[in-house]
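> Quick one: sequence and predicted model below, then my questions.
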Amino acid sequence: MAALDPAEEPVKTFVEGKGGMVETEDGHIVVVWCESANLQDSDLEQFAALPELKALYLNYNSELTNKVFSMFDNKPNLKTLELAETKITQGAADKFRDVHPEMSVSGPGV
């Protein structure tokens, strides 16, 4: 198993500090589970910097807003984005899906 890219180590530390988990592949974080972690939109900027991110589970972070979509606009590897129980609106999720039909965006009301 390849060692984690040192540039991604702070993200792993942050996620685990919030009670979440990461999955790695070839030395990169590819999946992040950070649910019920009291995340703010600004916390997600570090996830946007993960070059190989494939799935992001952010359910039950009630302060997340539509701003999260702009952070993940240019993530070709991201295929799963879960946002249940957030402030994300249906309209913003639909617009994001129209631009990114290859990505699964899910959550109640989303």
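Arrived safely. Residues are numbered from 1 along each chain as shown.
> List the contacts of Val11.
Applying Cβ atoms under 8 Å, 6 or more residues apart in numbering to Val11 gives the contacts Val22, Ile29, Val32, Gln46, Phe47, Ala49, Leu50. C-beta coordinates here come from the backbone N, C-alpha and C atoms, glycine included.
> and if we set it to 7 Å?
Ile29, Gln46, Phe47, Leu50 (Cβ atoms under 7 Å, 6 or more residues apart in numbering).
> before we move on, what about Glu35?
Neighbour list for Glu35: Gly20, Tyr57, Leu58, Asn59, Tyr60 [criterion: Cβ under 7 Å, 6+ apart].
> Kindly recompute the last result at 6 Å.
Residues near Glu35 by Cβ atoms under 6 Å, 6 or more residues apart in numbering: Tyr57, Asn59, Tyr60.
> Need these in CSV (columns: distance to Ala7).
Listed next are the contacts of Glu35 as CSV, based on distance: Cβ to Cβ, whole Å:
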residue, distance to Ala7
Tyr57, 22
Asn59, 26
Tyr60, 28
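> Show residues contacting stretch 45-54.
Against stretch 45-54 from outside (Cβ under 6 Å, 6+ apart): Val11, His28, Ile29, Val30, Met71, Asn77, Leu78, Lys79.
> So which of the residues you listed is the closest to Asp41?
Nearest to Asp41 among the contacts of stretch 45-54: Met71, at 7.9 Å, using Cβ to Cβ.
> Distance-wise, check that closest one relative to Ala3.
With distances taken as Cβ to Cβ, to the nearest Å, Met71 is found 27 Å from Ala3.
> So among the contacts of stretch 45-54, which ones count as buried?
Val11, His28, Ile29, Val30, Met71, Leu78 (16 or more other Cβ atoms under 10 Å).
> Which of the helices or strands spans the last one?
When secondary structure is defined by DSSP states H and E, Leu78 falls outside every helix and strand.
> Who are the contact partners of it?
So Leu78 contacts Leu53, Phe72 (Cβ under 6 Å, 6+ apart).
> so where do the helices sit in this protein?
Shown for the chain, the helices assigned by DSSP state H span residues 9-17, 45-48, 68-71, 90-99.
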